[in-house]
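Chemist: Next comes the sequence, and after it the predicted model I'd like to discuss.
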Amino acid sequence: MVMMASNVTIPVILATAIGASPEDTAFLVQVALLVAGISTLLQTLGIGPVGARLPIVQGTSFGFLVVSIPLAQQYGLGAVFGGALFAGVVQVFFGAVFSKIRRFFPPLVAGIVVLVIGIGLIPTGIQLFAGGAGSEDLGSVRNFAVATFVLVAILVLYRFGRGFIGAAAVLIGIIAGYVLASGLGMVDWGRVNSAAWFSAPQPLQFGLEFPAAALIAMGAMAIATSIETVGDISALTKAGDQRQPTTREMRGGLMGDGVGTALAALFSALPNTSFSQNVGLVAFTGVMSRFVVTIGAGFLVLSGFVPKLAMIIAVIPASVIGGAAVVMFGMIISAGISLLTTRPLTQNDLIIIAVSVVVGQGFAWRPEIAANLPENVAALMTSGIVPAAAIAIVLYSMKPKGERLLDVDAPLAGHFAEDEEPAAATDVDGPAPRTTTQEDDR
């Protein structure tokens, strides 16, 4: 549900920023859902070397949104999607050579990226909890009551639920909140009634253009989101299987990002990347099943052809999503901390974490300080992820060689042989073994 909401809201934000027509807005939403589903299937099932074969949820990226808006305003949507096609190529290349540069992405660097992602989502989560951006009753008692109801329902179900009930606490909590919100008159069913039943999106709706500014901006963001994907995949396997990903999983996941982004460009959708929110869901439920995510991906694809079905999801009140987001976004932060503490931290590690997180989040929280920088540079700096990742990589490469060797030899460092499977392999037909342990602990 949270992934559906993001796939709907991001194209709407872009369309609103450039004054797109309602028809174009609806098209952007539809293709976002379709491509997100196809890209997720590519990650869960895989085709050759492409795809991590892990329960990775793909979706429209907030990271690319910050550069897409100025590009669309200046050059048009064709430039956005031309740049996105180039970004996909960059991501595929990044994934193909990742085994050669993996030493620059130890748990410390990946943990910093995941931590910054989680911290960066806090304002979004709290805003959703209060009713969402642009809400006329932002912060109203009704919004807080619904969000709190969802939050409490999730916590109670997770604490006392057994089997499916405990594992599906987030989904059940959202559904319960949806029913409550509908009863309070917070759901616009008129939009659902007016939506069409079937519509097949056509590729290249807005064409492709390749101005240099679009290639540079999108290419740079492709590297940044690839680093984010490194963090997401690392946090996912850490949360679900208590291990680091294999080289094959990481390479396939990164290449899956690139193919999904290129496909998105051809369908006139914004670039795709792994969803950090799903890391929180896996960490919270302990369910790491490709089968579950594959079903969800099929639902996304179906939604891309059935606007009415997509609209049912789109009209979920923001406060309902916010109640679940508070839990899941917080779990992303916890996953980042877990990655950072793979082994005891040295003084050098603490300095790397401190500088990377403060500078990265500082630019993200105070974007006005980058106002005098070139537009593309400002967009990259204020993303939070780019400066944090860049600083972490540079400072890590300056660590004494002995400390870097400890990172390679540390438990859960994830340096498996190229064709070796991890001991706790993900099961396509069911949840990770960790779920049973959680239930026994209850």
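Modeler: Received it, and whenever you're ready, just let me know what you need.

Chemist: From here on, just use CA atoms for contacts and neighbour counts.
Modeler: Fine.

Chemist: Could you find the closest non-adjacent residue to M221?
Modeler: Counting by CA to CA, 6 or more residues apart in numbering, F64 is the residue found nearest to M221 once chain neighbours are left out, at 6.5 Å.

Chemist: so what secondary structure elements neighbour the strand or helix carrying the one you found?
Modeler: Secondary structure here is read from DSSP states H and E; on that basis F64 sits in helix 62-75. With contacts defined as 3 or more CA pairs under 8 Å, 6 or more residues apart in numbering; DSSP states H and E, helix 62-75 has these neighbours: helix 2-18, helix 77-96, helix 212-241, helix 375-381.

Chemist: Now that helix: average pLDDT?
Modeler: The average of the pLDDT scores along helix 62-75 is 77.

Chemist: OK, contacts around the residue nearest the centre of the chain?
Modeler: With distances taken as CA atoms, centre = their mean, the residue of the chain nearest its centroid is F275 (1.9 Å). In this structure, F275 makes contact with M3, I56, V57, Q58, G59, S61, D232, judged by CA atoms under 8 Å, 6 or more residues apart in numbering.

Chemist: Touching, the third one and V293? I think so.
Modeler: Think V57. Yes - counting by CA atoms under 8 Å, a contact exists between V57 and V293, whose distance comes to 6.9 Å.

Chemist: Could you name every residue contacting both of these two?
Modeler: Overlap of the contact sets of V57 and V293 (by CA under 8 Å, 6+ apart) consists of T40.

Chemist: More neighbours: those two, which one.
Modeler: The residue with the greater number of neighbours, taking V57 and V293 and applying other CA atoms under 10 Å, is V57; the counts read 27 against 22.

Chemist: tell me the phi and psi of the more buried one?
Modeler: Its backbone dihedrals place V57 at phi -100, psi 120, with angles given as degrees, to the nearest 10.

Chemist: Check the gap between it and V355 for me.
Modeler: Counting by CA to CA, to the nearest Å, the separation of V57 from V355 is 30 Å.

Chemist: need the next SSE after the helix or strand harbouring V282, C-terminal direction.
Modeler: Under the assignment given by DSSP H and E, the secondary-structure element containing V282 is helix 276-285. Scanning forward in sequence from helix 276-285, with DSSP H and E defining helices and strands, the next element found is helix 290-305.

Chemist: tell me what that next one is packed against?
Modeler: The elements that helix 290-305 packs onto, with contact taken as 3+ CA pairs under 8 Å, 6+ apart, are helix 22-45, helix 307-314.

Chemist: rerun at 10 Å
Modeler: helix 2-18, helix 22-45, helix 307-314 (3 or more CA pairs under 10 Å, 6 or more residues apart in numbering; DSSP states H and E).

Chemist: and L395, which of those is closest to it?
Modeler: Evaluated with CA to CA, those place helix 22-45 nearest to L395, the distance being 31.5 Å.

Chemist: From the rest of the structure, what touches the helix or strand following that closest one?
Modeler: Next along the chain after helix 22-45, taking DSSP H and E as the criterion, comes strand 58-60. With CA atoms under 10 Å, 6 or more residues apart in numbering as the contact definition, strand 58-60 has outside contacts at 3-4, 6-11, 29, 32-44, 256-257, 260-261, 264, 269-276, 278, 297, 300.

Chemist: let's see 7 Å
Modeler: Surrounding strand 58-60, the residues in contact under the criterion CA atoms under 7 Å, 6 or more residues apart in numbering are 3, 7, 10, 32, 36, 39-40, 270-275.

Chemist: From these, list just the buried residues.
Modeler: Among the contacts of strand 58-60, the ones that count as buried by 16 or more other CA atoms under 10 Å are 3, 7, 10, 32, 36, 39-40, 270-275.

Chemist: Distance to L380 added to the helices and strands packed on helix 290-305, as TSV?
Modeler: Below are the helices and strands packed on helix 290-305 laid out as TSV (distance: least, CA to CA, whole Å):
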stretch	distance to L380
helix 2-18	17
helix 22-45	23
helix 307-314	29
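
Chemist: So for M381, which of the ones you listed sits nearest?
Modeler: Shortest distance between M381 and the helices and strands packed on helix 290-305, using CA to CA, is found for helix 2-18: 19.8 Å.
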